[in-house]
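> coords please:
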Amino acid sequence: MTTVTTLPSRAEPTLIKQGTLPLVHLVESPATLTIIDRNTGQRLARFPVAARSILRIDASAGVVLKDVVVVRGPLRADHVYAIQLEPDGENVSRNSIVILRPSHPPPTTSTVEEP
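Numbers count the residues shown, from 1 in each chain. Now for the predicted structure:
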């Protein structure tokens, strides 16, 4: 039996990586990422990413996904940048209960009393 409950609040973005340049991240599964300049609070980009994509951020090239420039450099090398994972879809909780039943009855045990 599975119970699915829609949660009232929206899930918040998750910080994946943060630091000064250069930053590199291997995206493991399809996602939507946001790049933020932490010094200014400016959102530089928000974009969908395919699984096994390499994202790099460096001062001269900017934000590069695979071989595609998403945000053209130069970027401030002395700033701190963040890569955030944006939640996709609705915010739900799933709870499953599994009951296992033996396919064969358990062996019976007997005790023998000695005289």
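> my guess is Lys85 meets Glu12, correct?
No, residue 85 isn't Lys; it's Leu. No - Leu85 is not in contact with Glu12 according to C-beta atoms under 8 Å; the separation is 10.2 Å. Just so you know, the C-beta spots here come from the backbone N, C-alpha and C atoms, and that holds for glycine as well.
> tell me the centre residue of the protein?
Leu85 (5.8 Å; C-alpha atoms, centre = their mean).
> and that one, what element?
strand 80-86 (DSSP states H and E).
> can you check Ile54 too?
strand 53-58.
> next, the buried residues of that strand.
Going by neighbour count (16 or more other C-beta atoms under 10 Å), the buried part of strand 53-58 is 53, 55, 57-58.
> now for Pro48, how many residues are close by?
Applying other C-beta atoms under 10 Å, we find 12 residues neighbouring Pro48.
> which parts of this protein are strands?
With DSSP state E as the criterion, the chain has strands at 2-6, 14-20, 23-27, 31-37, 42-49, 53-58, 62-65, 68-72, 80-86, 92-96.
> just to revisit the earlier point, tell me the helices and strands packed up against the strand holding Ile54.
strand 23-27, strand 62-65, strand 80-86 (3 or more C-beta pairs under 8 Å, 6 or more residues apart in numbering; DSSP states H and E).
> let me know the pLDDT of Lys17.
On the pLDDT scale, Lys17 is placed at 97.
> pLDDT of stretch 82-92, averaged?
Rounded mean pLDDT across stretch 82-92 is 80.
> revised request: answer the last question for stretch 96-104.
73.
> the nearest residue to Val71 once chain neighbours are set aside: neighbouring residues, count only.
The spatial neighbour of Val71 that comes closest, neighbours along the chain excluded (C-beta to C-beta, 6 or more residues apart in numbering), is Val63 at 3.9 Å. Burial of Val63 is recorded as 23 neighbouring residues (other C-beta under 10 Å).
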